[in-house]
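Peer 1: model the following, please.
(2 chains)
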Amino acid sequence: MNTNHHSNDRPAWIDQANRVLDDSVRDLDAATLSRLNRARQAALAQQRPRTPRAWLLPAGLASACALLLAVIVWQPHRHIETQQPAPIATGASAAVDDGDSEESTAEFYQNLEFYAWLDAQNKGGDG
Amino acid sequence: MAEIAGTMAGSRLEFARRVDAVSTNQRALDTFLRGVERRALRMAELACGSRDDALDVVQDAMCAFVRNYAAKPEADWAPLFHRVLDSRLNDFHRRRTVRGRWLAVFERKSADDDALDPIEQAQDMQDPGPLLRLAGSEAGKALDVALKALPLRQRQAFLLRMWEGFDVATTARVMQCSEGSVKTHLSRALAALRRALEDHQ
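Peer 2: Residues are numbered from 1 along each chain as shown, chains lettered A, B, ... in the order given. All right, here's what the predicted structure looks like:
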């Protein structure tokens, strides 16, 4: 940058010219200074950090995790759903009762009290 | 979920660190631009001939400098800024020349490569010089007229070497030419200025 050093090997009039040039930039009018200030602010505004770009990585990561989680959760259901239509397709008799099926077993245990009551009713009727 | 929260916290920290770094950099840039803007305006004004055009050129140079070179080391900022400014001034000069040709009002200036006698250009170190013989504001006006009359490259060489105080190598980088060219432009500028200021008396 400007050093304004006096050099022994350069003519004195050049140092004088430098002083004249320095004087010419010292006293600028207010309008010019204001425009220079606005120009500087406009230039610096380009450098301010942009929040959305900074959040892109974590947001993208979170979206990817959510997608992965959805796929994992959805997969077993899809597996069961794809297995279910098969017995229906084979015929009505097969669909009535399939003891090996997990769903039927669960249904049986849920209605255990009902079956016990039914059994008691049948025994009462017989006796 | 803990992993995501950890990543988010890390990103937040990284973002805060970046904001802090940018703020520090902006303060340094602001100080730097404050330091060079007036001289840049003066240079641009001498090249453009009007203050409005000069302000536009300086703003354009500031924006381009911040956009492209803000991340460079601070020590390199001054030559880089002047390189951008010099480039913008060359562009302005070219546009004006083309426009002038189309409008057929182009005023030919003295050719940049006039053959000058090197002995004639040699400075007499005992001579007080033309500016010292001119008083006060007269000197300013005389210098202004003499500088405006110089070809762009000669004027830039003079202002960058003599006023900004850049060495020959840095001036060559700023002006994107060889060191020999800088010396030639400067020598011619000094001779022309001296002649013009002598004539002014």
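Peer 1: any idea which element the residue of chain A found nearest chain B lies in?
Peer 2: When scored by Cβ to the nearest Cβ, chain A has A:Trp13 as its residue closest to chain B, at 2.4 Å. Every C-beta, even on glycine, is put in place using the N, C-alpha and C of the backbone. Assigned by DSSP states H and E, A:Trp13 falls within helix A:12-26.
Peer 1: CA atoms of that helix as PDB?
Peer 2: Output of helix A:12-26 as PDB, limited to C-alpha atoms (Å, rounded to 0.1, in the frame of the first residue of the first chain):
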ATOM      1  CA  ALA A  12      11.500  16.200  -5.100                       C
ATOM      2  CA  TRP A  13       8.600  17.300  -7.400                       C
ATOM      3  CA  ILE A  14       7.300  13.700  -7.300                       C
ATOM      4  CA  ASP A  15       7.000  13.900  -3.500                       C
ATOM      5  CA  GLN A  16       5.300  17.300  -3.900                       C
ATOM      6  CA  ALA A  17       2.900  15.700  -6.500                       C
ATOM      7  CA  ASN A  18       2.100  13.000  -3.900                       C
ATOM      8  CA  ARG A  19       1.300  15.600  -1.300                       C
ATOM      9  CA  VAL A  20      -1.000  17.400  -3.800                       C
ATOM     10  CA  LEU A  21      -2.800  14.100  -4.600                       C
ATOM     11  CA  ASP A  22      -3.100  13.300  -0.900                       C
ATOM     12  CA  ASP A  23      -4.600  16.700  -0.300                       C
ATOM     13  CA  SER A  24      -7.100  16.200  -3.100                       C
ATOM     14  CA  VAL A  25      -8.600  13.100  -1.500                       C
ATOM     15  CA  ARG A  26      -8.700  14.500   2.000                       C
END
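Peer 1: packing partners for whichever helix or strand comes after that helix?
Peer 2: Downstream of helix A:12-26, the first helix or strand assigned by DSSP H and E is helix A:30-45. When contacts are defined as 3 or more Cβ pairs under 8 Å, 6 or more residues apart in numbering or on different chains; DSSP states H and E, helix A:30-45 sits against helix B:2-48, helix B:51-69.
Peer 1: and the angle for helix A:30-45 with helix B:51-69?
Peer 2: Helix A:30-45 runs at 20 degrees relative to helix B:51-69, counting by axes from the mean of the first three to the mean of the last three Cα atoms, to 10 degrees.
Peer 1: before we move on, the earlier item: how many neighbouring residues does the residue of chain A closest to chain B have?
Peer 2: Neighbours of A:Trp13 under the rule other Cβ atoms under 10 Å in any protein chain shown: 23.
Peer 1: next one: the one 3 residues further on
Peer 2: Here the number of neighbours of A:Gln16 (other Cβ under 10 Å) works out to 20.
Peer 1: mind pulling up the pLDDT for residue 96?
Peer 2: Reading this off chain A. In this model, A:Val96 is scored at 51, pLDDT.
Peer 1: my question was about chain B, not that one.
Peer 2: Value for B:Arg96, per-residue pLDDT: 85.
Peer 1: sticking with it, tell me its helix or strand.
Peer 2: Judged by DSSP H and E, B:Arg96 forms part of helix B:77-103.
Peer 1: could you name the helices and strands sitting against that helix?
Peer 2: Using 3+ Cβ pairs under 8 Å, 6+ apart: helix B:77-103 touches helix B:2-48, helix B:51-69, helix B:152-158, helix B:168-175.
Peer 1: sorry, back to before: and the helices and strands packed on helix A:30-45, which one averages the lowest pLDDT?
Peer 2: When the helices and strands packed on helix A:30-45 are compared by mean pLDDT, helix B:2-48 comes last with a mean of 80.
Peer 1: excluding chain neighbours, what is closest to A:Phe108?
Peer 2: A:Tyr115 (7.5 Å; Cβ to Cβ, 6 or more residues apart in numbering or on different chains).
Peer 1: ok, that neighbour touching A:Glu107?
Peer 2: No. The pair A:Tyr115 and A:Glu107 does not pass the contact test of Cβ atoms under 8 Å, sitting 10.7 Å apart.
Peer 1: what about B:Ala146, how many residues nearby?
Peer 2: Using other Cβ under 10 Å, B:Ala146 has 24 neighbouring residues.
Peer 1: contacts only, for it.
Peer 2: Contacts for B:Ala146 were tallied using Cβ atoms under 8 Å, 6 or more residues apart in numbering or on different chains; they are B:Ala192, B:Leu193, B:Ala196, B:Leu197, B:His200.
Peer 1: so where does it fall, helix or strand?
Peer 2: Short version, using DSSP H and E: B:Ala146 is in helix B:136-149.
Peer 1: what mean pLDDT does that helix get?
Peer 2: 83.
Peer 1: equivalent analysis for stretch B:181-198, please.
Peer 2: Mean pLDDT, stretch B:181-198: 92.
Peer 1: residues of it that come out buried?
Peer 2: Neighbour counts over stretch B:181-198 (16 or more other Cβ atoms under 10 Å in any protein chain shown) mark B:182, B:184-194, B:196-197 as buried.
Peer 1: how far is that stretch from where the chain is centred?
Peer 2: Offset of stretch B:181-198 from its chain centre (Cα atoms, centre = their mean, to the nearest Å): 17 Å.
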